[in-house]
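Visitor: Whatever this is, show me its structure:
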Amino acid sequence: MLATYSFAIWGLWLMLTTVFVQAMVASVAHRKQKHYVPGIIDEKLSHESFVFRSHRTFLNSHENLLMVFGPAMLAMLTGMDAYWLGMLVWVYAIARILHMSLYYVVATEANPSPRSYFFIVGFVANLALLIMLGVHLVA
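Guide: Numbering: from 1, shown residues only. Presented below is the predicted three-dimensional model:
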């Protein structure tokens, strides 16, 4: 199974590594503030603050990770097509990295913001994975 799904497994590894890096960035940004309480973000902060953006980037990825990780693991366990699973996992992983990068550098409250487009790409990849998994399970 590992050889068959190695492309998808490396994509999942990239997702987990990305979230780990986001946690480190958010922790460092938080601790560089003049006054901080561990685990608490000042509710007055908004998109102009890198502390806010790094925290939200981590939380957003954390919130979305299970929604793609679970179906990907189920797809591997049930023998879904390895090529399409790998492609969808990598599209999602790359979209999340681009989303993260834009969230770090673009301080805007506008909606949609540039990062929104990559959120949508990841969302569509996840939706396609869920649909293909459902079709696979029914077949």
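Visitor: Give me the residue at the spatial middle of this structure.
Guide: residue 61 (3.8 Å; CA atoms, centre = their mean).
Visitor: What residues of the longest helix that the chain contains count as buried?
Guide: Looking across the chain with DSSP state H, the single longest helix is helix 50-78. For helix 50-78, the neighbour count (16 or more other CB atoms under 10 Å) marks 50-58, 60-61, 64-65, 68, 71-72, 75-76 as buried. Every C-beta, even on glycine, is put in place using the N, C-alpha and C of the backbone.
Visitor: for stretch 122-132, same thing?
Guide: Per 16+ other CB under 10 Å, stretch 122-132 contains these buried residues: 122, 123, 125, 126, 129, 130, 132.
Visitor: could you list every residue that touches the nearest residue to residue 22 once chain neighbours are set aside?
Guide: The shortest distance from residue 22 to any non-neighbouring residue, by CB to CB, 6 or more residues apart in numbering, is to residue 58 (4.1 Å). Contact analysis of residue 58 by CB atoms under 8 Å, 6 or more residues apart in numbering lists 19, 22, 23, 25, 26.
Visitor: Quick one: mean pLDDT for stretch 103-119?
Guide: Mean pLDDT, stretch 103-119: 90.
Visitor: From one end of that stretch to the other, what's the distance?
Guide: Length of stretch 103-119, first residue to last, CA to CA, to the nearest Å: 11 Å.
Visitor: follow-up on the earlier one: in this structure the residue nearest to the centre of the chain contacts residue 21, no?
Guide: No. Counting by CB atoms under 8 Å, residue 61 stays clear of residue 21, with 9.8 Å between them.
Visitor: just the contacts of residue 58 now: which is nearest residue 93?
Guide: Residue 93 has its nearest neighbour among the contacts of residue 58 in residue 19, at 10.6 Å by CB to CB.
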